[in-house]
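>>> All I have is the shape, not the residue letters:
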């Protein structure tokens, strides 16, 4: 039987031997570009009035998002054309850089406290949220670990403890920021990758129970988090305070009906709906473009996820398969959690909608995932 290292080397050799005419998954690329284009237009619509009042320049957020789009497209192109061995080699370097950036968010000179949390780094004119890149780095690490440790994956000490410690350390830094939602996201990423990686169900079930207990304890001990949980259960009980954001989101979706109020004609973005151009941009799309616009977004999401998982299934090399699965999972969790929040299915939490929400870190991170998937799709899917 061939060792995991031999299989990986064979995969690298095969990848390097492909012709320059190897096909990329253009359906995936077109769906991602369509969503990013729609996001750019909707960021302008959702933020124009606020930008003009606060910044005295209505194109402020639009121009920044356009710049983020160019950076994201460049990053996607780099990872799409990058030799696979080059992409995989510095896995521990990626992790070290991400840990360093996350730790820096706890250091006041490098970060700014907003909303009671330190989640953003401000390095001169550059502002970034390390969490978005931690998702990608964690996928690279878990894909490497589960592909190389298949013969020991059922072992608790060797096959389960190391990825738990790495993921747990990243989550601990996020909780300290505090960013409980980000920690939950990484925890879900670890759980689903471990599930397909071959970890014992007993270990996963036990870790899930511990994680659930920790989240429950953190929610109960924090009045702010507890109020958001209560608002999620019945937002109309206090529609002017803790339930305000969800109620305004519901109003936006309800006002859109079939075809929407028309681009730029929405009213909830006029300082009624907080974070209209960020986490709740789907509510603006629902109001201005209606059921038709939301359906277009959902179709794009379906195409991206279908093609992503198909790319994963088409891989011969185990590490390639886990990597493609993990990158698709990052996008899938982002899509599902954001939609769940704006529709009141889970407690309100700052989860950006990939490709649509305003924000450079989220947009670049989403393009990175697509770039890796395009790299892995060459000559593998039709």
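Noted; the coordinates are in hand. Since the structure is predicted, the reported quantities are computational estimates derived from the model, not experimental observations.

>>> center of this protein - which residue?
Nearest residue to the geometric centre of the chain (Cα atoms, centre = their mean): residue 334, 4.3 Å.

>>> Give me the contact list for stretch 172-187.
Contact with stretch 172-187 is made by 99, 102-103, 105-106, 116-119, 131, 134-135, 138, 167, 170-171, 211, 215, 218-219, 225, 333, 337, 349-351, as judged by Cβ atoms under 8 Å, 6 or more residues apart in numbering. (Each C-beta comes from the backbone N, C-alpha and C, glycine too.)

>>> Any idea how far the lengthiest strand in the chain is from the middle of the chain?
Taking DSSP state E as the criterion, the chain has its longest strand at strand 117-123. Distance of strand 117-123 from its chain centroid, counting by Cα atoms, centre = their mean, to the nearest Å, is 18 Å.

>>> That strand pairs with which strands?
Looking at strand 117-123 with DSSP bridges, its partner strands are strand 111-114 (antiparallel), strand 126-128 (antiparallel).

>>> and residue 62, which of those is closest to it?
strand 126-128 (16.9 Å; Cβ to Cβ).

>>> Name the next helix or strand downstream of that closest one, please.
Remark: after strand 126-128, the chain's next helix or strand is helix 130-148, criterion DSSP states H and E.

>>> where exactly do the helices run in the stretch 1-150 of the chain?
Assigned by DSSP state H, counting those that start in this stretch, the stretch 1-150 of the chain shows helices spanning 4-16, 26-54, 60-81, 84-88, 91-104, 130-148.

>>> Packing partners of the fifth one?
Counting by 3 or more Cβ pairs under 8 Å, 6 or more residues apart in numbering; DSSP states H and E, the packing neighbours recorded for helix 91-104 are helix 130-148, helix 161-176.

>>> Deepest-packed of those, please.
Ranked by mean neighbour count under mean count of other Cβ atoms under 10 Å, the helices and strands packed on helix 91-104 are led by helix 130-148, which reaches a mean of 23.

>>> the inter-axis angle of that helix versus helix 91-104?
If you take axes from the mean of the first three to the mean of the last three Cα atoms, to 10 degrees, helix 130-148 sits at 150 degrees to helix 91-104.

>>> Point out the other helices and strands that helix 130-148 packs with.
helix 4-16, helix 91-104, helix 161-176, helix 180-197, helix 318-342, helix 360-377.

>>> how about 6 Å then?
helix 91-104, helix 161-176, helix 180-197, helix 318-342, helix 360-377 (3 or more Cβ pairs under 6 Å, 6 or more residues apart in numbering; DSSP states H and E).

>>> Could you dump the strands paired with strand 117-123 into a markdown table with mean neighbour count and distance to residue 32 added?
Listed next are the strands paired with strand 117-123 as a markdown table, based on neighbours: other Cβ atoms under 10 Å; distance: least, Cβ to Cβ, whole Å:
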| stretch | mean neighbour count | distance to residue 32 |
| --- | --- | --- |
| strand 111-114 | 13 | 29 |
| strand 126-128 | 14 | 21 |
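
>>> For burial, what's the neighbour tally of the closest residue in space to residue 140 that isn't next to it in sequence?
Excluding the flanking residues, the one nearest residue 140 by Cβ to Cβ, 6 or more residues apart in numbering is residue 91, at 5.2 Å. A count of neighbours around residue 91, defined by other Cβ atoms under 10 Å, yields 16.

>>> quick one: contacts for residue 91?
By Cβ atoms under 6 Å, 6 or more residues apart in numbering, the contact list for residue 91 reads 140-141, 144.

>>> ok, of those residues, which one's closest to residue 158?
Nearest to residue 158 out of the contacts of residue 91 is residue 144 (Cβ to Cβ; 14.6 Å).

>>> before we move on, back to that, could you dump the helices and strands packed on helix 91-104 to TSV with mean pLDDT and distance to residue 54?
Output for the helices and strands packed on helix 91-104, formatted as TSV (pLDDT from 0 to 100; distance: least, Cβ to Cβ, whole Å):
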stretch	mean pLDDT	distance to residue 54
helix 130-148	94	24
helix 161-176	92	29
